[in-house]
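Chemist: this is a predicted model, with the sequence first.
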Amino acid sequence: MVGEGSERDYVQSIERGFAVLLAFDGDRPSPTLAEVATATGLSRPAVRRILLTLQKLGYVAAVGSRWTLTPRVLTIGQHYAATHTFVETAQPHLLRLAEETQESASLAQLDGTDVVYVARVQVRRIMAVSVDVGSRVPAYATSMGRVLTAWADASVVDTVIEGGLKRLAQRTITDPTVFRDALHQVRQDGYAVVESELEDGLLSAAVPVRTPDGAVLAALAYSTTVGRMTSAAIVEKVIPLMQVTATAIAEDLRLLGGTRRLDAQARDGFY
(Lines give C-alpha, C1' and ligand atoms only; values in the text may rest on other atoms or scores of the structure.)
Protein backbone atom coordinates (compact mmCIF):
# COMPACT_ATOMS: atom_id res chain seq x y z
CA MET A 1 0.00 0.00 0.00
CA VAL A 2 1.25 3.48 -0.86
CA GLY A 3 2.66 5.28 2.19
CA GLU A 4 3.63 2.13 4.05
CA GLY A 5 7.10 0.62 4.19
CA SER A 6 9.61 -1.23 6.30
CA GLU A 7 12.91 -0.11 7.79
CA ARG A 8 14.74 -1.28 4.68
CA ASP A 9 12.80 1.32 2.67
CA TYR A 10 14.17 4.11 4.87
CA VAL A 11 16.81 6.22 3.10
CA GLN A 12 19.05 7.66 5.79
CA SER A 13 20.98 9.89 3.40
CA ILE A 14 17.79 11.84 2.63
CA GLU A 15 17.14 12.27 6.35
CA ARG A 16 20.66 13.62 6.80
CA GLY A 17 20.29 15.97 3.85
CA PHE A 18 17.16 17.52 5.36
CA ALA A 19 18.85 17.70 8.77
CA VAL A 20 21.61 19.80 7.23
CA LEU A 21 19.12 22.11 5.49
CA LEU A 22 17.17 22.56 8.73
CA ALA A 23 20.36 23.47 10.59
CA PHE A 24 20.14 26.88 8.90
CA ASP A 25 17.87 29.09 11.01
CA GLY A 26 17.64 32.46 12.69
CA ASP A 27 20.38 31.53 15.14
CA ARG A 28 22.60 30.06 12.41
CA PRO A 29 21.92 31.95 9.16
CA SER A 30 25.45 31.34 7.85
CA PRO A 31 27.07 28.53 9.84
CA THR A 32 30.47 26.97 9.37
CA LEU A 33 30.79 23.30 8.52
CA ALA A 34 31.71 22.60 12.14
CA GLU A 35 28.60 24.43 13.40
CA VAL A 36 26.37 22.40 11.08
CA ALA A 37 28.01 19.21 12.31
CA THR A 38 27.37 20.20 15.92
CA ALA A 39 23.75 21.17 15.22
CA THR A 40 22.96 17.92 13.38
CA GLY A 41 25.10 15.49 15.31
CA LEU A 42 26.65 14.29 12.05
CA SER A 43 30.36 13.89 11.41
CA ARG A 44 32.23 16.68 9.63
CA PRO A 45 33.07 14.49 6.60
CA ALA A 46 29.39 13.57 6.24
CA VAL A 47 28.31 17.22 6.55
CA ARG A 48 30.94 18.25 4.00
CA ARG A 49 29.64 15.75 1.43
CA ILE A 50 26.06 16.82 1.99
CA LEU A 51 26.87 20.54 1.73
CA LEU A 52 28.83 20.00 -1.46
CA THR A 53 25.91 18.03 -2.91
CA LEU A 54 23.44 20.73 -1.93
CA GLN A 55 25.78 23.32 -3.41
CA LYS A 56 25.87 21.46 -6.72
CA LEU A 57 22.07 21.31 -6.68
CA GLY A 58 21.93 25.05 -6.03
CA TYR A 59 20.40 25.02 -2.53
CA VAL A 60 23.40 26.33 -0.57
CA ALA A 61 26.39 28.53 -1.35
CA ALA A 62 29.84 28.80 0.23
CA VAL A 63 30.98 32.22 1.45
CA GLY A 64 34.51 31.82 2.72
CA SER A 65 34.37 29.28 5.53
CA ARG A 66 30.62 29.73 5.98
CA TRP A 67 27.56 28.45 4.18
CA THR A 68 24.25 30.11 3.33
CA LEU A 69 20.97 29.00 1.84
CA THR A 70 20.15 30.21 -1.67
CA PRO A 71 16.77 31.48 -2.93
CA ARG A 72 16.22 28.10 -4.59
CA VAL A 73 15.22 26.73 -1.17
CA LEU A 74 12.07 28.85 -1.39
CA THR A 75 10.83 26.74 -4.31
CA ILE A 76 10.35 23.79 -1.95
CA GLY A 77 7.65 25.72 -0.13
CA GLN A 78 6.15 26.86 -3.44
CA HIS A 79 5.68 23.23 -4.43
CA TYR A 80 3.56 22.70 -1.33
CA ALA A 81 1.25 25.58 -2.23
CA ALA A 82 1.11 24.47 -5.87
CA THR A 83 0.02 20.94 -4.92
CA HIS A 84 -2.43 21.95 -2.19
CA THR A 85 -5.22 23.90 -3.87
CA PHE A 86 -6.83 24.94 -0.61
CA VAL A 87 -3.91 27.31 0.13
CA GLU A 88 -4.50 29.24 -3.09
CA THR A 89 -8.26 29.07 -2.55
CA ALA A 90 -7.98 30.49 0.96
CA GLN A 91 -5.63 33.39 0.17
CA PRO A 92 -8.21 35.96 -1.03
CA HIS A 93 -10.40 35.12 1.96
CA LEU A 94 -7.49 35.73 4.33
CA LEU A 95 -6.86 39.06 2.66
CA ARG A 96 -10.50 40.05 3.08
CA LEU A 97 -10.49 39.04 6.75
CA ALA A 98 -7.32 41.02 7.38
CA GLU A 99 -8.89 44.06 5.73
CA GLU A 100 -12.06 43.72 7.81
CA THR A 101 -10.27 43.31 11.13
CA GLN A 102 -7.11 45.31 10.41
CA GLU A 103 -5.16 42.45 11.98
CA SER A 104 -3.14 39.55 10.62
CA ALA A 105 -4.96 36.46 9.31
CA SER A 106 -3.41 33.03 8.94
CA LEU A 107 -4.10 29.46 7.92
CA ALA A 108 -2.27 26.62 9.68
CA GLN A 109 -2.10 22.84 9.82
CA LEU A 110 -0.92 20.41 12.45
CA ASP A 111 2.48 18.76 12.02
CA GLY A 112 3.43 16.55 14.93
CA THR A 113 3.24 18.64 18.10
CA ASP A 114 3.49 21.94 16.20
CA VAL A 115 1.27 23.97 13.96
CA VAL A 116 2.76 25.23 10.71
CA TYR A 117 1.64 28.40 8.94
CA VAL A 118 0.67 27.47 5.37
CA ALA A 119 -0.79 30.86 4.39
CA ARG A 120 -0.67 34.28 6.00
CA VAL A 121 -1.61 37.92 5.46
CA GLN A 122 0.34 40.03 7.93
CA VAL A 123 -0.89 43.49 8.84
CA ARG A 124 1.64 44.28 11.57
CA ARG A 125 4.28 42.42 13.52
CA ILE A 126 3.00 41.66 17.02
CA MET A 127 5.12 38.68 18.07
CA ALA A 128 8.68 38.76 19.36
CA VAL A 129 9.68 36.37 16.60
CA SER A 130 8.96 36.89 12.92
CA VAL A 131 6.11 34.70 11.62
CA ASP A 132 5.72 33.77 7.98
CA VAL A 133 4.61 30.83 5.84
CA GLY A 134 6.49 27.80 7.09
CA SER A 135 6.92 29.11 10.64
CA ARG A 136 6.21 26.59 13.42
CA VAL A 137 4.73 27.22 16.87
CA PRO A 138 3.74 24.79 19.65
CA ALA A 139 0.22 23.47 19.15
CA TYR A 140 -0.68 23.42 22.84
CA ALA A 141 -0.10 27.14 23.40
CA THR A 142 -1.88 28.58 20.36
CA SER A 143 -5.47 29.03 19.27
CA MET A 144 -4.66 27.32 15.96
CA GLY A 145 -3.25 24.28 17.72
CA ARG A 146 -6.17 24.26 20.15
CA VAL A 147 -8.62 24.02 17.24
CA LEU A 148 -6.63 21.41 15.34
CA THR A 149 -6.12 19.15 18.36
CA ALA A 150 -9.70 19.58 19.60
CA TRP A 151 -10.98 17.71 16.54
CA ALA A 152 -8.03 15.33 16.30
CA ASP A 153 -7.83 11.67 17.25
CA ALA A 154 -7.06 10.85 20.88
CA SER A 155 -3.61 9.61 19.86
CA VAL A 156 -2.77 13.05 18.46
CA VAL A 157 -3.81 14.74 21.70
CA ASP A 158 -1.71 12.25 23.66
CA THR A 159 1.30 13.01 21.45
CA VAL A 160 0.93 16.75 22.01
CA ILE A 161 0.72 16.27 25.78
CA GLU A 162 3.63 13.81 25.84
CA GLY A 163 5.69 16.38 23.95
CA GLY A 164 5.53 18.53 27.08
CA LEU A 165 3.30 21.42 28.13
CA LYS A 166 6.07 23.84 29.04
CA ARG A 167 5.30 27.28 30.40
CA LEU A 168 5.98 29.84 27.68
CA ALA A 169 4.07 32.81 29.09
CA GLN A 170 2.05 33.80 32.16
CA ARG A 171 -1.12 31.94 31.18
CA THR A 172 0.28 28.87 29.40
CA ILE A 173 -1.71 25.75 30.25
CA THR A 174 0.75 23.20 31.63
CA ASP A 175 -1.60 20.71 33.29
CA PRO A 176 -2.72 17.84 30.98
CA THR A 177 -6.18 17.65 32.55
CA VAL A 178 -6.75 21.38 32.16
CA PHE A 179 -5.51 21.15 28.58
CA ARG A 180 -7.98 18.36 27.75
CA ASP A 181 -10.76 20.39 29.36
CA ALA A 182 -9.78 23.36 27.19
CA LEU A 183 -10.02 21.19 24.07
CA HIS A 184 -13.46 20.00 25.16
CA GLN A 185 -14.54 23.64 25.55
CA VAL A 186 -13.24 24.45 22.06
CA ARG A 187 -15.37 21.65 20.59
CA GLN A 188 -18.40 22.95 22.44
CA ASP A 189 -17.84 26.57 21.38
CA GLY A 190 -16.66 25.85 17.83
CA TYR A 191 -13.69 28.20 18.20
CA ALA A 192 -10.65 28.90 20.37
CA VAL A 193 -9.44 32.12 21.99
CA VAL A 194 -6.01 32.05 23.61
CA GLU A 195 -4.51 34.90 25.62
CA SER A 196 -0.90 35.20 26.83
CA GLU A 197 -0.05 31.52 26.44
CA LEU A 198 2.54 31.64 23.67
CA GLU A 199 3.77 35.14 24.51
CA ASP A 200 2.67 37.60 27.18
CA GLY A 201 0.21 40.05 25.69
CA LEU A 202 -0.46 37.99 22.54
CA LEU A 203 -4.16 37.40 21.90
CA SER A 204 -5.35 35.07 19.16
CA ALA A 205 -8.45 33.26 17.96
CA ALA A 206 -9.02 30.37 15.57
CA VAL A 207 -11.88 28.49 13.93
CA PRO A 208 -11.80 25.24 11.95
CA VAL A 209 -11.79 25.13 8.17
CA ARG A 210 -13.48 21.96 6.98
CA THR A 211 -13.34 19.83 3.86
CA PRO A 212 -16.58 19.21 1.96
CA ASP A 213 -17.06 15.98 3.94
CA GLY A 214 -16.77 17.79 7.26
CA ALA A 215 -13.23 16.90 8.34
CA VAL A 216 -11.06 19.65 9.85
CA LEU A 217 -8.47 20.51 7.23
CA ALA A 218 -6.87 23.60 8.77
CA ALA A 219 -7.29 26.34 11.34
CA LEU A 220 -8.11 29.91 10.37
CA ALA A 221 -6.51 32.31 12.82
CA TYR A 222 -6.61 35.97 13.83
CA SER A 223 -4.00 37.57 16.07
CA THR A 224 -3.66 40.84 17.93
CA THR A 225 -2.51 42.12 21.34
CA VAL A 226 -4.29 42.67 24.65
CA GLY A 227 -3.63 46.37 24.23
CA ARG A 228 -5.76 46.46 21.09
CA MET A 229 -8.53 43.98 21.83
CA THR A 230 -10.08 41.87 24.59
CA SER A 231 -11.08 38.21 24.51
CA ALA A 232 -14.73 39.16 25.00
CA ALA A 233 -14.62 41.61 22.09
CA ILE A 234 -13.06 38.96 19.85
CA VAL A 235 -15.86 36.52 20.64
CA GLU A 236 -18.49 39.18 19.95
CA LYS A 237 -17.01 40.92 16.90
CA VAL A 238 -14.28 38.82 15.29
CA ILE A 239 -15.33 35.19 15.67
CA PRO A 240 -18.49 35.71 13.54
CA LEU A 241 -16.34 37.18 10.74
CA MET A 242 -13.93 34.28 11.00
CA GLN A 243 -16.73 31.72 10.87
CA VAL A 244 -18.13 33.38 7.75
CA THR A 245 -14.65 33.31 6.21
CA ALA A 246 -14.10 29.63 7.09
CA THR A 247 -17.48 28.75 5.59
CA ALA A 248 -16.63 30.67 2.41
CA ILE A 249 -13.33 28.79 2.05
CA ALA A 250 -15.13 25.48 2.55
CA GLU A 251 -17.75 26.43 -0.04
CA ASP A 252 -15.06 27.34 -2.58
CA LEU A 253 -13.40 23.97 -1.97
CA ARG A 254 -16.75 22.26 -2.55
CA LEU A 255 -17.22 24.11 -5.84
CA LEU A 256 -13.74 23.05 -6.87
CA GLY A 257 -14.68 19.45 -6.28
CA GLY A 258 -13.22 19.15 -2.82
CA THR A 259 -9.64 18.66 -1.78
CA ARG A 260 -7.45 15.89 -0.47
CA ARG A 261 -7.83 15.22 3.23
CA LEU A 262 -4.34 16.47 3.83
CA ASP A 263 -3.61 15.71 7.46
CA ALA A 264 -7.31 16.22 8.14
CA GLN A 265 -8.43 14.63 11.36
CA ALA A 266 -11.60 12.63 11.97
CA ARG A 267 -14.45 15.04 12.57
CA ASP A 268 -15.51 13.37 15.84
CA GLY A 269 -12.24 14.24 17.56
CA PHE A 270 -10.94 12.56 20.70
CA TYR A 271 -14.15 12.72 22.74
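Modeler: Sure thing, it's come through.

Chemist: check contacts around the residue nearest in space to the middle of the chain.
Modeler: Central residue of the chain (CA atoms, centre = their mean): residue 116, 1.1 Å from the mean position. Shown in contact with residue 116 (CB atoms under 8 Å, 6 or more residues apart in numbering): 108, 109, 110, 134, 135, 136. Using the backbone N, CA and C atoms, a C-beta is placed for each residue, glycine as well.

Chemist: go again using 7 Å as the cut-off
Modeler: Counting by CB atoms under 7 Å, 6 or more residues apart in numbering, residue 116 touches 108, 109, 134, 136.

Chemist: buried ones in the helix or strand harbouring residue 249?
Modeler: Element membership of residue 249, judged by DSSP states H and E, is helix 239-255. By 16 or more other CB atoms under 10 Å, the buried positions in helix 239-255 come out as 239, 241, 242, 245, 246, 248, 249, 250, 252, 253.

Chemist: what's the lowest-pLDDT member of the residues you listed?
Modeler: Of all the buried residues of helix 239-255, residue 253 carries the smallest pLDDT score, 83.

Chemist: tell me the helices in the stretch 1-150 of the chain, going along the chain?
Modeler: In the stretch 1-150 of the chain, the helices defined using DSSP state H, counting those that start in this stretch lie at 12-22, 33-40, 44-57, 74-83, 85-101, 143-150.

Chemist: rebuild those as CSV, extending it with mean pLDDT.
Modeler: Shown next, in CSV, are those (pLDDT from 0 to 100):
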stretch, mean pLDDT
helix 12-22, 89
helix 33-40, 94
helix 44-57, 93
helix 74-83, 64
helix 85-101, 89
helix 143-150, 96
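
Chemist: out of those, which is the most enclosed?
Modeler: Mean neighbours per residue, mean count of other CB atoms under 10 Å, is largest over the helices of the stretch 1-150 of the chain for helix 143-150, with a mean of 29.

Chemist: who are the packing partners of that one?
Modeler: strand 104-111, strand 114-121, helix 154-162, helix 176-189, strand 192-195, strand 202-210, strand 216-225 (3 or more CB pairs under 7 Å, 6 or more residues apart in numbering; DSSP states H and E).

Chemist: quick one on the thing from earlier: any chance of TSV for the helices of the stretch 1-150 of the chain, columns distance to residue 207?
Modeler: Compiled in TSV, the helices of the stretch 1-150 of the chain are given as follows (distance: least, CB to CB, whole Å):
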stretch	distance to residue 207
helix 12-22	31
helix 33-40	37
helix 44-57	40
helix 74-83	22
helix 85-101	11
helix 143-150	7
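
Chemist: of those helices, which is nearest residue 189?
Modeler: Closest of those to residue 189 is helix 143-150, at 9.4 Å (criterion: CB to CB).

Chemist: quick one: low-confidence parts of the stretch 101-250 of the chain?
Modeler: The stretch 101-250 of the chain contains residues with pLDDT under 70 at 124-130.

Chemist: which parts of this protein belong to which domain?
Modeler: 12-72, 84-261 (the TED database).

Chemist: start to end distance for the first one?
Modeler: Start and end residues of domain 12-72 are separated by 23 Å (CA to CA, to the nearest Å).
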